[in-house]
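Peer 1: Okay, predicted coordinates and the sequence, questions at the end:
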Amino acid sequence: MKRLRILVSAYACNPIGSLQSHPGEDMTGWRLVEQLNRFHDLCVITRSYNREGVEKALAQGALPEVRFHFIQLPSWLRVLYKLEFGQRIYYYLWQILAWRVAKRLHRKLHFEVAHHLTFGNDWIPSFIGAFLPVPFIWGPVGGGQRTPQGLFSEYTLAGKLRERGRTFGQWIGRTLLFSRKQCLKKAKAILVCNYETKTKMPKRFLDKVHLFPVNGISPDNLDNQLCKNNSSDTFLVLTAGRLHRLKGFDIAIRAFNVFAQHFPKTTFEIVGQGPEEAKLHQLVNALRIRDRITFTQWLTREELLARMRESDVFLFPSFRDGGGAVVVEAMASGIPVVCLDNGGPGFHIQKEWGIKIFPKDPEFVTNEMVNALEKLYLDKDLRMKMGRAARKRVEECYLWDRLGKRMQEIYQNALVNPINRVNSTNPKN
């Protein structure tokens, strides 16, 4: 397949993760641009927030052939970022600005393909994809995942209203927006990052849908030592993520409290920070397990991977994660994962390398977490077996170079050989 001139829309694209923005998706955007550039010539439209990180990487020799265009909405609109749903409104408006810039660039550079990389959201459409008169690739996108109904009791009234507001926004996006309908119609391939998002695609377009993870690993992030790098005989449970109501950390704390009562040589480390931090500290104090639970604030990716390799289990109770980068990182670190069977984590984890819990209700989930931790605590051989299987799965399916090759195969089937289009159900296919 010849090298194509591709216009990439990547709102999040930054090699430097920051809590101030979207660290997981920033890195995903950057890595996918790297992979596309292996095969094609790229022009990337991204948010001006990413300029510092991108230009620093370019100065060090990264992506010398890629052109970046940084665009920004008027500064007075940044107030939207202080509101949870306001961020989506800001992004929607940014997409309109990106399309206007794309039209000007297309007149000069004559793109052969437009590819929307980030944000990965199926219900806030790409104006570039919908209206630029070139073939379109969409994704990988998520957005189909929702908080399971049985877990809504974990939210405050405000939290429930926000979730209902998101559901209403999804309905508007999928039902009423002409631009989304155009994206679906025009797309030569639609990449989705979890099963739930695939179900949101109209049946007549399913032949264009490919399951494709939004998370990957570089070979230099793989440690040759799969056994625990810590000589301590204490059983270490680790979790990580933004301390947000969606992540379910309060359920994880309650489950660990029950588990720790029966197994004293255990500790639980929570890595992250966010709006739920004070509430989680209060819960730990109320349960009187302050000596068993440690809160660690922001770690670099390298530090977090090192911490994972020192742990025995990665516990990730997120209610509706679209991707779940830390789950893939835990797999790469050779430790089993306990998570909910929903969204990205439910897509990544299989019984050979982790334990998935049906998100029935808080009591059921708590009990099943306790059972999973107990099972892994009592059977070191099982932990090691799962860890090896997790590492093998990453090496087979989640290395960025493999994902780049898979992306190129999708391009080939969608643009060159559309009759032989493959409907992928596995990231390694």
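Peer 2: Sure thing, it's come through.

Peer 1: alpha carbons only for contacts and neighbour counts from here, please
Peer 2: Fine.

Peer 1: where do the helices sit along the stretch 251-400 of the chain?
Peer 2: 277-287, 301-309, 325-332, 343-348, 362-378, 380-397, 400-411 (DSSP state H, counting those that start in this stretch).

Peer 1: Measure how far the fifth one is from the centre of its chain, please.
Peer 2: A distance of 25 Å separates the C-alpha centroid of helix 362-378 from that of its chain, computed with Cα atoms, centre = their mean, to the nearest Å.

Peer 1: Give the buried residues for it.
Peer 2: Pro362, Val365, Thr366, Asn367, Glu368, Met369, Val370, Ala372, Leu373, Leu376, Tyr377 (16 or more other Cα atoms under 10 Å).

Peer 1: other SSEs contacting that helix?
Peer 2: helix 249-262, strand 354-357 (3 or more Cα pairs under 8 Å, 6 or more residues apart in numbering; DSSP states H and E).

Peer 1: Mean pLDDT, distance to Trp400 and mean neighbour count added to those, as TSV?
Peer 2: Formatted as TSV, these follow (pLDDT from 0 to 100; distance: least, Cα to Cα, whole Å; neighbours: other Cα atoms under 10 Å):
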stretch	mean pLDDT	distance to Trp400	mean neighbour count
helix 249-262	95	29	19
strand 354-357	96	22	22
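
Peer 1: Let me know which of the ones you listed is the nearest to Leu83.
Peer 2: helix 249-262 (22.2 Å; Cα to Cα).

Peer 1: could the helices and strands packed on helix 362-378 go into a markdown table alongside distance to Arg47?
Peer 2: Below are these laid out as a markdown table (distance: least, Cα to Cα, whole Å):
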| stretch | distance to Arg47 |
| --- | --- |
| helix 249-262 | 31 |
| strand 354-357 | 36 |
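
Peer 1: Minimum distance to Arg104: which of these has it?
Peer 2: Taking Cα to Cα, helix 249-262 is the member of the helices and strands packed on helix 362-378 nearest to Arg104, at 46.4 Å.

Peer 1: That closest one versus helix 277-287: what angle between them?
Peer 2: Taking axes from the mean of the first three to the mean of the last three Cα atoms, to 10 degrees, helix 249-262 and helix 277-287 form an angle of 30 degrees between their directions.

Peer 1: Just give me the neighbour total for His281.
Peer 2: 16 (other Cα atoms under 10 Å).

Peer 1: would you say Lys181 is within a strand?
Peer 2: No: going by DSSP: H, G, I helix; E, B strand; the rest coil, the assignment for Lys181 is helix, not a strand.

Peer 1: ok, it - how many residues close by?
Peer 2: Around Lys181 there are 17 residues (other Cα under 10 Å).

Peer 1: distance of Ala332 from Asn215?
Peer 2: Counting by Cα to Cα, to the nearest Å, the separation of Ala332 from Asn215 is 11 Å.

Peer 1: would TSV of the helices of the stretch 251-400 of the chain with mean pLDDT and distance to His116 be doable?
Peer 2: Compiled in TSV, those are given as follows (pLDDT from 0 to 100; distance: least, Cα to Cα, whole Å):
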stretch	mean pLDDT	distance to His116
helix 277-287	94	34
helix 301-309	91	26
helix 325-332	93	20
helix 343-348	92	19
helix 362-378	96	36
helix 380-397	95	22
helix 400-411	96	13
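
Peer 1: residues in contact with the residue nearest to Asp41 when sequence neighbours are not counted?
Peer 2: Nearest residue to Asp41, sequence neighbours excluded (Cα to Cα, 6 or more residues apart in numbering): Arg5, at 5.0 Å. Taking Cα atoms under 8 Å, 6 or more residues apart in numbering, we find Arg5 in contact with His40, Asp41, Leu42, Cys43, His110, Phe111, Glu112, Val113.

Peer 1: tell me the contacts of the first one?
Peer 2: Read that as His40. Neighbours of His40 in contact, by Cα under 8 Å, 6+ apart: Lys2, Arg3, Leu4, Arg5, Ile6.

Peer 1: out of those, who has the most neighbours?
Peer 2: That'd be Ile6 among the contacts of His40, by other Cα under 10 Å, with 23 neighbours.

Peer 1: could you dump the helix or strand hosting that residue to PDB, C-alpha only?
Peer 2: Following DSSP states H and E, one finds Ile6 within strand 5-10. Below are the C-alpha coordinates for strand 5-10, written out as PDB (Å, rounded to 0.1, in the frame of the first residue of the first chain):
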ATOM      1  CA  ARG A   5      -1.400  12.000   2.700                       C
ATOM      2  CA  ILE A   6      -3.500  11.900   5.900                       C
ATOM      3  CA  LEU A   7      -5.100  14.600   7.900                       C
ATOM      4  CA  VAL A   8      -5.300  13.500  11.600                       C
ATOM      5  CA  SER A   9      -7.700  15.000  14.100                       C
ATOM      6  CA  ALA A  10      -6.200  14.400  17.500                       C
END
